[in-house]
Each structure stands twice: as C-alpha cells, then as structure tokens.
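In: fold the following for me, if possible:
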Amino acid sequence: MDSTGTRRGAWRRRWHGWSRRRRALAAGLLGLAVLLLPVASAAAALRLQYTGDPAAEARTRGRDAVWLGHAWVDGRKGDTDLAALTRQLAGTGIRDLYVHTGPLADDGSLDPARYPQAARFVADVHRTMPGLRVQAWLGNLVAPEKDGLHLEQAATRDRVTTAARQVLDAGFDGVHFDLEPVRSGSAGFLTLLDQVHAVTTERGVPFSVAAPQIDPLPGLHSVGIAVADHGKWWSQAYFAQVARRVEQIAVMSYDTGMPVESLYGGYVAQQTSLALAATPPEVDLLMGLPAYWDDTPGHRGSAETVAAAVRGARLALGRSERRTFGLALYADFSAKPADWAAYRSGWSGS
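Out: Alright, predicted model coming up:
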C-alpha cells in the first residue's frame with residue numbers, strides 16, 4: 001500500500017473510533033466550511049476592489065445630482081430654506097435636483113394638488129442657482145411584487161406619460177422616475193420609457209431614471225425572485241436596455257446588506273464597473289450615495305457611508321476620461337453635515 005492509502009486507512013480508523021456525536025459535529029463543521037467558502041471568497045474579492053488609491057483624475061465632472069424631498073413643492077419650505085440650499089450646493093458638482101413631486105396614483109395619474117409650489121420653486125432655483133436643472137421625481141410601487149402600478153397595462157402607461165407632460169407644463173426642467181421594484185426583463189417598463197422619452201425629447205429636456213443594482217453574479221436576479229419573490233437586481237443586459245432609453249441613469253447603490261465599510265466600498269466599486277460597461281457613453285451614469293442612517297438587515301449605517309461610496313466609485317472610475325459620470329446624494333432631508341463633507345472632500349475637492 002502506498003503512503004496515500006496508508007493515510008486514508010489511518011483517517012478511516014480514527015473516524016470510526018470517534019463517538020457518533022463527535023462525528024456529527026465534525027460533519028457539521030465541514031458542511032459549514034463548504035457553505036462559507038464561497039462567501040469568504042466573495043468578501044475577499046470585494047475587499048480587494050477597495051484597495052489602492054483613487055486616481056487624482058477621478059473627481060467630479062459637474063454632472064452630480066441630489067434627491068430633494070417633497071417639502072420643496074408643497075409649501076413647507078420657503079426663502080430661508082432656499083438660501084441654505086444655495087449655500088449647501090455652492091462649489092459642488094451638482095447640476096440636477098430630483099424633487100419629489102408625486103407619488104403617482106396606482107393607476108398612473110398624478111394629482112396637481114401634490115405640488116402647488118412647484119412653479120415657484122423652479123423659478124427660484126433658476127434665479128438663485130443659474131445652470132441647475134430641476135427634475136420632477138415621480139415614483140410609486142410596482143406590481144407584481146407590490147400593490148401599485150401595473151406597467152404591463154397600456155392604460156396605466158398612458159396615464160404615467162400624461163403625468164410626465166403635466167409636470168413639464170408646470171415648469172420642471174425634466175422628468176425623473178423612481179419606480180420600484182421593476183423586475184429585470186420587464187417589457188412594460190421599457191415601453192413606458194419609450195413613450196415618456198418621446199415626450200421629453202420633443203420638449204428638449206432630460207429624462208432620468210433611478211435603477212436597481214446590477215447582478216453581481218450572473219442570473220442572481222432570477223434566484224432572488226425564485227427564492228424571495230424579490231427583484232432586487234437587474235441583469236447587466238437589461239440595465240443597458242434601460243440606459244439606452246434615457247439621458248441619465250442613477251444606480252441606487254445602497255441597501256446592500258454589507259456588514260462593514262470596506263466590503264460596501266468594494267461592492268460600490270464593483271457596481272460602478274458593471275454599470276460603466278453597460279451605459280452608453282452619451283448617457284450620464286450616476287452612482288447613488290447613501291446619506292441616511294438606518295440599521296436594518298438590508299442597510300447598516302456604519303457600513304454604508306457616503307465616504308465609502310465615493311471612494312469605491314472613484315476606484316472603479318480610475319483614470320477614465322469619461323465625462324458623462326457623476327454621483328447622486330440620497331437625500332437632502334436625511335443628509336448630515338458629515339455626509340456633505342465626505343462628498344465634498346472625496347469627490348468635489350472642496
């Protein structure tokens with residue numbers, strides 16, 4: 001018997017000499033190791049993507065954005081708030097304001113009573129912050145996962161398209177969609193984008209959309225739907241289909257469930273690389289910054305920080321000369337001074 005056979009025989013005798021409880025424990029530990037090995041490998045890969053120094057060229061291109069709350073268009077905020085916002089945005093790369101103007105009704109319509117001060121706010125921004133664009137942020141939950149918009153129904157899509165015309169008539173400089181959760185492959189959503197893009201193109205204004213994260217592993221969106229009935233991710237191919245139908249696509253690169261800052265930053269770097277590869281060069285790609293604090297199974301405030309997201313995006317951007325890239329801060333109503341400081345120092349250089 002060779003040495004290999006001798007060792008195997010010794011292990012078999014030792015195994016059979018153990019108690020049943022000890023064998024069960026050993027088998028359990030082995031099974032756990034097999035299960036954890038892919039997780040550990042994935043974590044190591046993300047941590048590796050967060051190493052190194054961002055390129056000096058990876059700074060704002062002047063195409064950043066911030067999501068603003070509904071209080072700006074319903075009368076709760078006034079001149080003092082606008083002056084504070086003007087000071088907050090001075091010296092940054094922010095060009096677009098996504099102002100919550102909905103939500104859309106479940107049938108796709110929009111009640112004008114939801115935004116009585118919209119025209120005034122848009123005019124005030126144009127006066128105090130020339131060059132900034134104010135886009136109407138329209139959103140709602142989406143079927144079949146949630147009770148909400150049924151985008152496969154033509155009548156619903158037509159009412160949403162009418163709502164887009166409605167906010168442009170009110171003076172907005174563009175339309176921004178945040179419809180969740182749209183499942184990867186949804187034909188109804190693509191048809192809706194085509195309809196609304198025809199309207200915004202005719203008006204000569206931008207059309208933007210908030211997008212979920214891209215499959216970090218091929219086919220992961222299908223697994224999520226099968227296991228949890230939740231369409232958290234899009235395939236990279238579907239992301240590209242959406243990106244071709246808009247002027248801006250903003251990735252909601254948060255609520256990742258990452259437990260520590262280094263893994264979250266590596267995940268943002270990975271998402272940025274995937275999105276860069278799928279977004280046409282003429283379309284603005286924006287990566288979302290989590291300027292809010294929650295501690296839930298899907299979001300740890302100590303891990304998902306603005307600083308980590310900025311650094312991850314910069315690492316992925318590298319020395320690319322791509323100008324159509326930016327960061328989008330979510331959101332003005334939850335951001336702390338430290339969030340703004342991290343955005344400024346890490347990205348704007350101010």
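
In: distance check, the residue nearest to the spatial centre of the chain against Lys146.
Out: Nearest to the mean C-alpha position of the chain, counting by C-alpha atoms, centre = their mean, stands Met252 at 0.8 Å. Using C-beta to C-beta, to the nearest Å, Met252 is found at 16 Å from Lys146. Using the backbone N, CA and C atoms, a C-beta is placed for each residue, glycine as well.

In: repeat that for Ala71.
Out: As judged by C-beta to C-beta, Ala71 and Lys146 stand 25 Å apart.

In: ditto for Ile94
Out: In terms of C-beta to C-beta, Ile94 sits 31 Å off from Lys146.

In: more crowded one of those two?
Out: Ile94 (23 against 12; other C-beta atoms under 10 Å).

In: separation between that one and His100?
Out: Distance from Ile94 to His100, by C-beta to C-beta: 16 Å.

In: kindly report the same for Val223.
Out: 32 Å.

In: ok, now Ala316?
Out: Counting by C-beta to C-beta, the gap from Ala316 to His100 is 29 Å.

In: give me every residue that touches Ala118.
Out: Residues near Ala118 by C-beta atoms under 8 Å, 6 or more residues apart in numbering: 73, 99, 101, 136, 167, 170-172.

In: now the strands for the stretch 101-250 of the chain?
Out: Using DSSP state E, counting those that start in this stretch, the strands of the stretch 101-250 of the chain run over 133-141, 174-180, 207-211, 213-214, 233-234, 248-251.

In: what's the angle between the third one and strand 133-141?
Out: Taking axes from the mean of the first three to the mean of the last three C-alpha atoms, to 10 degrees, one finds that strand 207-211 is oriented at 40 degrees with respect to strand 133-141.

In: in strand 207-211, what's buried?
Out: 207-211 (16 or more other C-beta atoms under 10 Å).

In: between those, which is nearest Gly266?
Out: Among these, Ala211 lies closest to Gly266 (C-beta to C-beta), at 20.0 Å.

In: could you chop this protein up by domain?
Out: Following the assignment in automatic domain parsing, the chain carries domains at 3-49, 64-348.

In: any stretches of this structure with poor pLDDT?
Out: Judged by pLDDT under 70, the chain has its weakly predicted residues at 1-44, 220-221, 224-230.

In: run the last query once more with 80
Out: 1-47, 49, 218-231, 350 (pLDDT under 80).

In: out of the strands of the stretch 101-250 of the chain, which comes closest to Gln49?
Out: That would be strand 213-214 among the strands of the stretch 101-250 of the chain, by C-beta to C-beta, at 14.5 Å.

In: count the neighbours of Ser345 for me.
Out: When neighbours are defined as other C-beta under 10 Å, Ser345 has 12 of them.

In: going along the chain, name the helices of the stretch 151-300 of the chain.
Out: Taking DSSP state H, counting those that start in this stretch as the criterion, the stretch 151-300 of the chain carries its helices at 154-169, 187-203, 220-228, 236-243, 261-278.

In: return the most buried member of those helices.
Out: When you average the neighbours per residue for each of these (mean count of other C-beta atoms under 10 Å), helix 261-278 leads with a mean of 23.

In: other SSEs contacting it?
Out: helix 20-49, strand 213-214, helix 236-243, strand 248-251, strand 284-290, helix 306-317 (3 or more C-beta pairs under 8 Å, 6 or more residues apart in numbering; DSSP states H and E).

In: now with 10 Å, please.
Out: Counting contacts by 3 or more C-beta pairs under 10 Å, 6 or more residues apart in numbering; DSSP states H and E, helix 261-278 packs against helix 20-49, strand 213-214, helix 236-243, strand 248-251, strand 284-290, strand 299-300, helix 306-317, strand 325-330.

In: next secondary structure after the first one?
Out: Meaning helix 20-49. In the C-terminal direction, the helix or strand that comes right after helix 20-49 (DSSP states H and E) is strand 64-68.

In: in its sheet, what does that following strand sit against?
Out: Paired with strand 64-68 in the same sheet, following DSSP bridges, are strand 94-100 (parallel), strand 325-330 (parallel).

In: the shortest one: what's the following helix or strand?
Out: Under the assignment DSSP H and E, the closest C-terminal helix or strand after strand 325-330 is helix 337-343.
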